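Novice: Provided below are the primary sequence and the corresponding predicted coordinates.
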Amino acid sequence: MPRTIAIGDIHGCDTALAELLNAIAPEKQDTVVTLGDLVDRGPNTAGVIELLLEQMNRCHLIPLIGNHEIMMFSGLENRRQMDFWLQHGGMATLASYGNHPQNIPASHRSFLGHCLRHYESDTHLFVHANYDWQSPLDEQDDALIFWQHIYDEVPPPHLSGKRVIIGHTPQFDGRIRNLGHAVLIDTYCYGNQWLTALDVDSNRVWQANNLGEVRETEFPSREFR
């Protein structure tokens, strides 16, 4: 059966991504949704984008944009925004391209420029950071879906009744946070934890880290924290 698999914030962690993709082994009929923040902080953003470009011919890849892609493009297009980006992980991204923006291939810029704001399947919603439960995805405020973390203030179930798969808010213990109606899968890979992939229909979970270690772990029971 075709699978729909979400991958949390990658943040330049190419080794973890490569091992995760090997474990998942996506096929043509599978849909793989990356939840944004592909770039910055981690060791090799350039390598991450190359890996994802290769996946475009192997499965139905749907990359979402995150706040770090927004900062990256703002910095590349406006010198006054460059320092802000560099201070928030952009230095690692530039280093992976030989420390000069001119070294970023056109194919990488195009790939990042075509990332989607969100994605909706028959059963699930996919966003980078947060959501307004009362509004359809195409009416969501940018400040909310790209920037706002989910800590103590948890949004109610979305009006569609669909489960929402979310990145952005780092889970410092490396474990998925399951809220029932929403699932947070940024498991802090660049901070020496794990990169997570979730089959949203079966709840099968794969994780990999920057040491190249891979594990399958249990989908957590609903947590009220």
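Specialist: In hand now; what should we look at?
Novice: which secondary element of this structure has the worst mean pLDDT?
Specialist: Among the helical and strand segments of the chain, the one scoring lowest on mean pLDDT, DSSP states H and E is helix 79-85, with a mean of 94.
Novice: burial measure for Tyr190, as a count.
Specialist: With neighbours defined by other C-beta atoms under 10 Å, the count for Tyr190 comes to 22. Any C-beta I mention is one placed from the backbone N, CA and C, and that applies to glycine too.
Novice: heads up, I number from 24, so please use that
Specialist: I'll keep to 24 as the first residue from here, and by that count the last item is Tyr213.
Novice: just checking, it is part of a strand?
Specialist: No. Checked against DSSP: H, G, I helix; E, B strand; the rest coil, Tyr213 lies outside a strand; its state is helix.
Novice: could you pull up the contacting residues of it?
Specialist: Going by C-beta atoms under 8 Å, 6 or more residues apart in numbering, Tyr213 touches His34, Gly35, Cys36, Arg64, Gly65, Asn233.
Novice: following the least confident helix or strand of the chain, which helix or strand comes up?
Specialist: As assigned by DSSP states H and E, the chain's next helix or strand after helix 102-108 is helix 114-119.
Novice: buried residues, that following helix. List them.
Specialist: Burial within helix 114-119, assessed by neighbour count using 16 or more other C-beta atoms under 10 Å, is assigned to Ala115, Thr116, Leu117, Ser119.
Novice: centre of the chain to stretch 91-103, how far?
Specialist: In terms of C-alpha atoms, centre = their mean, to the nearest Å, the gap separating the centre of stretch 91-103 from the centre of its chain is 18 Å.
Novice: and stretch 180-188, by the same measure?
Specialist: Put simply, stretch 180-188 sits 18 Å off its chain's centre (C-alpha atoms, centre = their mean).
Novice: measure that stretch end to end?
Specialist: The first and final residues of stretch 180-188 sit 12 Å from each other (C-alpha to C-alpha, to the nearest Å).
Novice: now for the least confident helix or strand of the chain, which elements pack on it?
Specialist: Judged by 3 or more C-beta pairs under 8 Å, 6 or more residues apart in numbering; DSSP states H and E, the packing partners of helix 102-108 are helix 90-100.
Novice: rewinding a little: buried sites along the least confident helix or strand of the chain?
Specialist: Neighbour-count burial for helix 102-108, counted by 16+ other C-beta under 10 Å, picks out Gln104, Met105, Trp108.
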